[in-house]
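Peer 1: would you be able to build a 3D model of this:
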Amino acid sequence: MFDNICKFIAENFSDDLATWLLGSPLSLTVLDPTELQLDPIRADSLIFLQSEELILHTEFQTDPDSKIPFRMLDYRIRVYRRHPQKQMRQVVIYLRRSDSPLVQENTFRLGETFHSFQVIRLWEENTPQFFHHPGLLPFAVLSNTDDPEQVLSQVSRSLETISEKQVQSNLAAATSILAGLVLNRETIKKILRSDIMRESVIYQDILEEGREEGEEKGLQKGKEEKARQIALKMLSAGFLVPEIAQFTDLSPATIEELQRQQHN
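Peer 2: Purely as a prediction, here's the structure:
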C-alpha cells in the first residue's frame, strides 16, 4: 500500500518529483509499462515518466529487495529497446529505515556487464527540501529527523495553505498513510484532520474496496482474510471502527484487535 501511495504521488505531482530528482521542473507524462513488455511487469511500486528527451524510472520500496539491481538493468534494456534515443534516469527510493546492506546497493554486475542507478534512502534526506513543493510534503515525515511528530505538524500546517481542496485532500491522505511507517495511528489522527482526507481519491478508493467486500455476504475463510487486509488499509487511512465494520462485515472487536496489532 505504501508503494502504491508513492506511485499516486509520482503520477499526479510529476513536476514536483522531477524537481526533486532531476533538479528542474521538467514536464513529464506517464509511460505505460506495457510498452516495455517482453514478460509481464508486475511491480506495483514502479513508474516511468517521460519527456521528449528523457525517461525517469522511479521505484519505491518499503523494505529491502535483493532483486532490485537486476530489475533496474532489465528495465533499462527494455527502455533502450523501445526508446534508444532517450536518456534514462533510474532512482530507487527506500521508504522505511533499514540497516540491511541491500539498501546501499546501486549497481548490478554479471561478468563484464555493469549497470548503475541512483538510490535514495529517505531517512537520510534533509527535511526542508520536501516543503518547497506540495507534492513532496508526504515524504517529509520519513526524512532525516529526530522528531517526526513535529515534522508531521509542520506538514499539516503546510497542507492548510493549499487552496485547491482536492489537492489538499489527496496530499493529506497520502501523508497520513506514509506517516504510519514512523508514527502510531493515534498520533497521526491527532495531528491530521480526518475531514480533509475524506474527499481524497485515495480515501474513496479504499472506501470502495471496502464497500465491494462488504456487499458480499457470508464471508468464507479466504474472504475473511481479504476483509482483514482491507480493514488494515482502512485503519491506516483513518476510518473509524464502525465504518470499517459496515463495509467489511468484520466485528468491531475484530477490528479493534487489528488496530492494537497495528500499533505494536
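Peer 1: which SSE is immediately downstream of the helix or strand of the chain with the lowest mean pLDDT?
Peer 2: Between all helices and strands in the chain, the lowest mean by mean pLDDT, DSSP states H and E belongs to helix 201-215, at a mean of 59. Going down the chain from helix 201-215, the next helix or strand is helix 221-236, by DSSP states H and E.
Peer 1: can you tell me which helices and strands the helix or strand immediately after that next one in the chain packs against?
Peer 2: Using DSSP H and E, the helix or strand that follows helix 221-236 towards the C-terminus is helix 241-248. Packing partners of helix 241-248 (3 or more Cβ pairs under 8 Å, 6 or more residues apart in numbering; DSSP states H and E): helix 201-215, helix 221-236, helix 252-263. Bear in mind the C-beta positions are built from the backbone N, C-alpha and C, glycine included.
Peer 1: and the helices in the stretch 51-200 of the chain?
Peer 2: 68-82, 148-160, 165-179, 185-191, 194-197 (DSSP state H, counting those that start in this stretch).
Peer 1: kindly export the first one (C-alpha atoms) in CSV.
Peer 2: In CSV, the C-alpha atoms belonging to helix 68-82 read as follows (Å, rounded to 0.1, in the frame of the first residue of the first chain):
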residue,chain,number,x,y,z
ILE,A,68,16.3,-4.6,-7.3
PRO,A,69,19.7,-4.4,-9.0
PHE,A,70,18.8,-6.9,-11.8
ARG,A,71,15.4,-5.3,-12.2
MET,A,72,16.9,-1.9,-12.8
LEU,A,73,19.2,-3.4,-15.5
ASP,A,74,16.2,-5.3,-17.0
TYR,A,75,14.1,-2.1,-17.2
ARG,A,76,17.0,-0.1,-18.7
ILE,A,77,17.4,-2.6,-21.5
ARG,A,78,13.6,-2.7,-22.1
VAL,A,79,13.5,1.1,-22.4
TYR,A,80,16.5,1.2,-24.7
ARG,A,81,14.9,-1.4,-27.0
ARG,A,82,11.7,0.8,-27.2
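Peer 1: how about it: buried residues?
Peer 2: 68, 69, 71, 72, 73, 74, 75, 76, 78, 79 (16 or more other Cβ atoms under 10 Å).
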